[in-house]
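# just to be clear, the model below is a prediction. Sequence and coordinates:
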Amino acid sequence: MSGNIEYKTTAQMRVMAQAGLVVEKALAAAKAAAVVGASTFDVDTAAAKAIAEGGATSNFLGYHGFPASCCVSINDEVVHGIPGTRVIEDGDVISIDCGAIIDGWHGDSAVTFIVGTPKSDRDIELVEETRRSLFAGIAALATASRLGEVSAAVEDVADAAGLYPLEGYVGHGIGTAMHQPPDVLNYRTRSRGVKVRPGMCLAIEPMLVIGTGDSNILADDWTVISADGSRAAHWEHSIAIHEAGIWVLTASDGGAGGLAEFGVVPTPIP
């Protein structure tokens, strides 16, 4: 995604943090609803209720015709799964992606978890290492001069775990729209990327697959599945870069819990 980057004031970042906390609550409600025997529609209903109770509106519902308030992707479904009648089974790897708008400012986040008893240790590793790759990228953002440093940090964790970034799908800028420049890649390229500056707000979102990074799109024109049927995970946070440091907008602790491993302490927005 190319174009002009939207730089935010601290006041605008504070509103984005409000939207981010609604997203955090919506994801928590969706995860609580994702039990064995529930449908993916039940999960979406829980997320939609939390968004409304938070005084926000969904930025997923109606986005290019998307029919729900969150994406629910199971096992080999990597991203953009449409909630419906599918019943959740024991051992399913579930990714939920959700967003909200307050006063025109967006938040966007995703989590992956295993329902019930994991099918394998590899599934556990998939979920955990994808989460770690996200926080490695956020940690790199704290000191990065160029955005490519974030991409490299995400790829390093993925490589060490033997996981593959989903090709063609990336993170993005966020603000008055859910998707804005610049793209945030999950792998290295020859480009160093744009210069990291205060005022930028970014959604970092590694989508990692146990098999290859190849994918297909189902007939619904939304659901992205791994080409070889292997399981996948998706984690995402929206992050603000301000004059004093970074703050994860979609985490009530500003990302402190996930960043501790990497020696980074988030700084609240002034």
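In hand now; what should we look at? Numbering: from 1, shown residues only.
# next up, the contacts around the nearest residue to residue 218 once chain neighbours are set aside.
The shortest distance from residue 218 to any non-neighbouring residue, by Cβ to Cβ, 6 or more residues apart in numbering, is to residue 225 (6.3 Å). All C-beta spots, glycine's among them, are computed from the backbone N, C-alpha and C. Residue 225 is in contact with 76-78, 215-218, counting by Cβ atoms under 8 Å, 6 or more residues apart in numbering.
# from those residues, which land in strands?
In strands, defined here by DSSP state E, the members of those are 77-78, 215-217.
# residue 203: which of those residues is nearest?
Using Cβ to Cβ, residue 78 is the member of those that sits closest to residue 203, with 16.3 Å.
# pLDDT at that closest one, what is it?
We have a pLDDT of 98 for residue 78.
# so where's this protein uncertain?
Scanning the chain for pLDDT under 70 picks out the ranges 1-2.
# for stretch 247-257, list every residue counted as buried.
For stretch 247-257, burial by neighbour count (16 or more other Cβ atoms under 10 Å) applies to 247-251, 254-255.
# tell me which residues are up against that stretch.
Here stretch 247-257 makes contact (Cβ under 8 Å, 6+ apart) with 13, 16-17, 19-21, 23-24, 107-109, 135, 138, 201, 236-240, 246, 258-259, 265-269.
# roughly how far apart are the residue lying closest to residue 195 once chain neighbours are set aside and residue 194?
Closest residue to residue 195 apart from its sequence neighbours, by Cβ to Cβ, 6+ apart: residue 146 at 6.1 Å. For residue 146, the distance to residue 194 equals 7 Å [Cβ to Cβ, to the nearest Å].
# which one of these two has more residues nearby?
With neighbours defined as other Cβ atoms under 10 Å, residue 146 and residue 194 compare such that residue 194 has more, 17 against 14.
# residue contacts, the more buried one?
Contacts of residue 194 (Cβ under 8 Å, 6+ apart): 5, 146-147, 182.
# re earlier: filter the contacts of stretch 247-257 down to the buried ones and hand me the ChimeraX line.
Command for ChimeraX that selects the buried part of these, burial taken from 16+ other Cβ under 10 Å:
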select :13,16,17,19,20,21,23,24,107,108,109,135,138,201,236,237,238,239,240,246,258,259,266,269
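# quick revisit: from the contacts of residue 225, which is closest to residue 34?
Distance to residue 34 across these (Cβ to Cβ) is lowest for residue 77, with 13.6 Å.
# just the residues contacting whatever helix or strand residue 151 lives in, thanks.
Following DSSP states H and E, one finds residue 151 within helix 148-161. If you take Cβ under 8 Å, 6+ apart as the criterion, helix 148-161 is touched by 125-126, 129-130, 132-134, 136-141, 143-144, 164-165, 184-189, 191-193, 196, 202, 204, 206, 208.
# can you pull the alpha-carbon coordinates of stretch 138-156 into PDB?
C-alpha atoms of stretch 138-156 as PDB (Å, rounded to 0.1, in the frame of the first residue of the first chain):
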ATOM      1  CA  ILE A 138       6.800  -4.300  18.200                       C
ATOM      2  CA  ALA A 139      10.000  -4.300  20.200                       C
ATOM      3  CA  ALA A 140      12.000  -3.600  17.100                       C
ATOM      4  CA  LEU A 141       9.700  -0.600  16.300                       C
ATOM      5  CA  ALA A 142      10.700   1.000  19.600                       C
ATOM      6  CA  THR A 143      14.200   1.700  18.300                       C
ATOM      7  CA  ALA A 144      13.800   1.300  14.500                       C
ATOM      8  CA  SER A 145      15.000   3.900  12.100                       C
ATOM      9  CA  ARG A 146      13.300   2.200   9.200                       C
ATOM     10  CA  LEU A 147      10.200   0.000   9.000                       C
ATOM     11  CA  GLY A 148      12.200  -2.900   7.400                       C
ATOM     12  CA  GLU A 149      13.700  -3.500  10.900                       C
ATOM     13  CA  VAL A 150      10.300  -4.500  12.100                       C
ATOM     14  CA  SER A 151       9.800  -6.900   9.200                       C
ATOM     15  CA  ALA A 152      13.200  -8.500   9.900                       C
ATOM     16  CA  ALA A 153      12.400  -9.000  13.600                       C
ATOM     17  CA  VAL A 154       9.100 -10.800  12.700                       C
ATOM     18  CA  GLU A 155      10.800 -13.000  10.200                       C
ATOM     19  CA  ASP A 156      13.700 -13.900  12.500                       C
END
